[in-house]
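Colleague: Sequence and predicted structure below; questions after.
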Amino acid sequence: MTLLLEGQRAVVVGDDAIGCGIAEKLRSAGAEVQVFAITDTFDPAELDILVCNTLGEPHPALLVDCDEGALRRSLDGVVAAASAMRTALPALQKAREGRIILIGHRYGIATAEGLAAYGSAAWALNGLMRSAAVEWGQYGITTNLLLPAASTPELKVAQQRRARLIDVMTGQLPLGRMGDPVEDIGGAALYLASGDARFVNGQVVHADGGQHVAGPVLSPIRYI
């Protein structure tokens, strides 16, 4: 049986639970996958799929307390994604049907108090995705933005520190749980990386169990 991504080469930038979960799912579909930390450099001669998981974690603060350093630290993730995309472009052009998947956050679509820096960076990823979709579509490259709600080690730590916030957030999901980094988030990424998504370009894809349609955005600063 031929695997969905057999013979394809992928790079995942960002080695947290979501990045590694996506990498595991792509490997299970036959892809040859390399995972890099956000600070690593890479220079692929051949590449079919690029996953940029560079946004990092939010550090809630009200806008009045959000200094230039906080904004720059959040936007560093956007700069890292753009840099990885430019590095990968020549190889993706050779692939003729390259895939770019940016991993973002729902805070880039809707927001609340205390999310000025992180929300600005998350929204900037949307703009970066749309620009690449328009400019690089001529090379057969599709670019999409995946917004996950995943059960990660960071979420479990947050559960211990801010149990009320996490319980309310999880309770908003129509499916009643956070997503598995491999099967749920990786599964969504696998679809976007596959030939079945060859005509899907410039889209925001929510892999969040319906969270984005079911409830308001909670303000994390109220639960610290």
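Modeller: That came through fine. Nothing here was measured: the structure is a model prediction, and the numbers come from that model.
Colleague: And the lengthiest helix in the chain, what does it pack against?
Modeller: Ranked by residue count under DSSP state H, the longest helix found in the chain is helix 68-95. If you count contacts as 3 or more C-beta pairs under 8 Å, 6 or more residues apart in numbering; DSSP states H and E, helix 68-95 packs onto strand 9-13, strand 49-52, strand 99-103, helix 116-136. Heads up, the C-betas are built off the backbone N, CA and C, glycines and all.
Colleague: Could I get the contacting residues of the closest residue to residue 50 other than its chain neighbours?
Modeller: Nearest residue to residue 50, sequence neighbours excluded (C-beta to C-beta, 6 or more residues apart in numbering): residue 88, at 4.5 Å. With contacts defined as C-beta atoms under 8 Å, 6 or more residues apart in numbering, the neighbours of residue 88 are 11, 44, 47, 50, 98, 100.
Colleague: Next, format these as TSV and append pLDDT.
Modeller: As requested, those are exported to TSV (pLDDT from 0 to 100):
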residue	pLDDT
11	98
44	94
47	98
50	98
98	97
100	98
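Colleague: Need the pLDDT of the closest residue to residue 134 other than its chain neighbours.
Modeller: Leaving aside its chain neighbours, residue 134 sits nearest to residue 202 (7.0 Å; criterion: C-beta to C-beta, 6+ apart). Residue 202 is assigned a predicted lDDT (pLDDT) of 98.
Colleague: wait, is residue 202 part of a strand?
Modeller: No: counting by DSSP: H, G, I helix; E, B strand; the rest coil, residue 202 is not found in a strand; it is coil.
Colleague: picking up where we left off before, any chance of the contacts of residue 88 in CSV, plus neighbour count?
Modeller: Formatted as CSV, the contacts of residue 88 follow (neighbours: other C-beta atoms under 10 Å):
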residue, neighbour count
11, 22
44, 17
47, 24
50, 28
98, 23
100, 27
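Colleague: Any idea which helix or strand in the protein has the lowest mean pLDDT?
Modeller: Using mean pLDDT, DSSP states H and E, helix 153-161 stands out as the lowest-scoring helix or strand of the chain, at a mean of 70.
Colleague: Toward the C-terminus, what is the element adjacent to it?
Modeller: Downstream of helix 153-161, the next assigned helix or strand under DSSP states H and E is helix 163-172.
Colleague: what's the offset of that following helix from the middle of its chain?
Modeller: 21 Å (C-alpha atoms, centre = their mean, to the nearest Å).
Colleague: count of neighbours near residue 178?
Modeller: 21 (other C-beta atoms under 10 Å).
Colleague: Pull the number of nearby residues for the closest residue to it other than its chain neighbours.
Modeller: Once flanking residues are discounted, residue 178 sits nearest to residue 151: 4.0 Å by C-beta to C-beta, 6+ apart. Look at residue 151: counted by other C-beta under 10 Å, it has 18 neighbours.
Colleague: Same question for residue 32.
Modeller: 16.
Colleague: Output the helices and strands packed on helix 68-95 in a markdown table, with distance to residue 19 appended to each entry.
Modeller: A markdown table is the format used below for the helices and strands packed on helix 68-95 (distance: least, C-beta to C-beta, whole Å):
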| stretch | distance to residue 19 |
| --- | --- |
| strand 9-13 | 5 |
| strand 49-52 | 7 |
| strand 99-103 | 7 |
| helix 116-136 | 15 |
